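Participant: I'll drop the sequence and a predicted model, then ask my questions.
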Amino acid sequence: MCRFASLPLCLLLVSACQPDQATAPHDELTIFAASSLTDAFQELADAFAKKTGDKRPTLAFAGSQVLRLQLAEGAKADVFASANDTHVRSLVDAGHVFEPTVFAENELVVIVPRSNPASLERFIDLPKARRIVVGAPEVPIGTYTRELFERAGSTLGPRFASDVRDNVVSQEPNVRLVRAKVELGEADAAIVYRTDVSPGVRTIAIPPELQVRARYHAGFVGAPPHSPEAVRWIAFLKSPEGRRILAKHGFLTP
C-alpha cells in the first residue's frame, strides 16, 4: 500500500526561518530562491557584490511552494528563482513575476547512505529499498521525481514504479530535507538533484533514457521598471563568471 502522506499545512512555517522581507530596506536587492540553489547563490552573491560594487544581495531560501505563497501574499523581493515551471508560470499569470529566463539546468540522481543498507547498485535496484524519501509534489524536486517514476514505469514496467511508490515513507518540503533523511540514516534511498550530493551519501546514476532535466528560471518580482540591481543580478547569472560559478556547483548552463 502506498504510504504517500499529504503535505501538512504547518510546513508553511518554514517561511518563519527566512529573513523578514517586509522590513528590508527598499533599495536592498532581495532574492527569493529555491533551496537547491543555496550553495551556488551564496557564492554568486559574493562575486556579484565584488564585481559590481553593489551591496551583497539578501538571500532567502525555501521550498518553491513556500516562496510562491509569500510572494502571492505580498512579500517584498526583487528576484524569484525556481526550478518549477508551474510555480513560475502561476506567479507570472498573477502579475507577481515578470520576464522569467532560464539560467541553469540540473539532473536527478539516487542517493543512498554510505553504508548502503539496501545494497543498491543500479537504478533498477531501487524497489529493494524499503524506506524511500522524495520531495513533496508541490516542490520542484517532487515534481521531477514523479516524472522520473512515470518514465521508469513506461520503460521498466508498471510493477517497478508501483513498488517504488509503495516504499515511499516520507515526502519533504525541499530537497535539502530529502538529502538529510539519507545522511541521518532515516532512509535507504532518495531522489535529489545532482548538485545536492554531499560527502555523507553515495550516488547511483539514473540511466540517460530515464533522466529528467530540471530547468531553473529567474524572473523579476513586481512590474517594471525593475531595479538596476535586479537587472544586473539576472545578467550576472548568465554572464561567463556566473556560468562558471554555477558549473562549479554542478549546474548545467544553457
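Facilitator: It's in. Predicted, not measured: the structure shown is a model, and the values here were computed from it.

Participant: drop to CA atoms for contacts and neighbour counts, all remaining ones
Facilitator: Noted.

Participant: and the gap between the residue lying closest to Leu246 once chain neighbours are set aside and Arg56?
Facilitator: Once flanking residues are discounted, Leu246 sits nearest to Ala40: 6.0 Å by Cα to Cα, 6 or more residues apart in numbering. Look at Ala40 and Arg56: by Cα to Cα, to the nearest Å, they are 14 Å apart.

Participant: Helices of the stretch 51-200 of the chain, start to end?
Facilitator: 64-72, 85-93, 140-156, 158-166, 175-183 (DSSP state H, counting those that start in this stretch).

Participant: Need those helices in CSV (columns: mean neighbour count and distance to Pro127).
Facilitator: Conversion of those to CSV gives the following (neighbours: other Cα atoms under 10 Å; distance: least, Cα to Cα, whole Å):
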stretch, mean neighbour count, distance to Pro127
helix 64-72, 20, 28
helix 85-93, 17, 29
helix 140-156, 20, 11
helix 158-166, 17, 5
helix 175-183, 23, 16
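
Participant: Can you tell me which of these is nearest to Ile206?
Facilitator: Among the helices of the stretch 51-200 of the chain, helix 140-156 comes nearest to Ile206, with 9.3 Å by Cα to Cα.

Participant: And that closest one, what does it pack against?
Facilitator: With contacts taken as 3 or more Cα pairs under 8 Å, 6 or more residues apart in numbering; DSSP states H and E, helix 140-156 sits against strand 132-135, helix 158-166, strand 189-193.

Participant: what angle do that helix and helix 158-166 make?
Facilitator: Interaxial angle of helix 140-156 relative to helix 158-166 (axes from the mean of the first three to the mean of the last three Cα atoms, to 10 degrees): 150 degrees.

Participant: and Leu120, how far is that from Val164?
Facilitator: 13 Å.

Participant: Spell out which residues are contacts of both of those two.
Facilitator: By Cα atoms under 8 Å, 6 or more residues apart in numbering, Leu120 and Val164 have these common neighbours: Leu126, Ala129.

Participant: check contacts around the closest residue to Val97 other than its chain neighbours.
Facilitator: Nearest residue to Val97 in three dimensions, chain neighbours excluded: Val221, at 4.5 Å (Cα to Cα, 6+ apart). By Cα under 8 Å, 6+ apart, the residues touching Val221 are Ala77, Asp78, Val79, Phe80, His96, Val97, Phe98.

Participant: From those, pick the one nearest Val212.
Facilitator: Phe80 (22.4 Å).

Participant: can you tell me how far the nearest residue to the closest one once chain neighbours are set aside sits from His217?
Facilitator: Spatial nearest neighbour of Phe80, excluding adjacent residues (Cα to Cα, 6+ apart): Phe32 at 4.9 Å. As judged by Cα to Cα, Phe32 and His217 stand 12 Å apart.

Participant: neighbour count winner among the two?
Facilitator: Phe32 (28 against 21; other Cα atoms under 10 Å).

Participant: secondary structure element for that one?
Facilitator: strand 30-34 (DSSP states H and E).

Participant: Just the CA atoms of that strand, as PDB, please.
Facilitator: Output of strand 30-34 as PDB, limited to C-alpha atoms (Å, rounded to 0.1, in the frame of the first residue of the first chain):
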ATOM      1  CA  THR A  30      16.400  40.700  -2.200                       C
ATOM      2  CA  ILE A  31      16.300  37.400  -3.900                       C
ATOM      3  CA  PHE A  32      13.900  34.500  -3.200                       C
ATOM      4  CA  ALA A  33      15.500  31.200  -4.400                       C
ATOM      5  CA  ALA A  34      14.700  27.500  -4.200                       C
END
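
Participant: other SSEs contacting it?
Facilitator: The contact analysis (3+ Cα pairs under 8 Å, 6+ apart) places strand 30-34 against strand 58-62, helix 64-72, strand 79-82.

Participant: Reformat these as TSV; add distance to Leu108 and mean pLDDT.
Facilitator: Below are these laid out as TSV (distance: least, Cα to Cα, whole Å; pLDDT from 0 to 100):
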stretch	distance to Leu108	mean pLDDT
strand 58-62	19	96
helix 64-72	17	94
strand 79-82	16	97
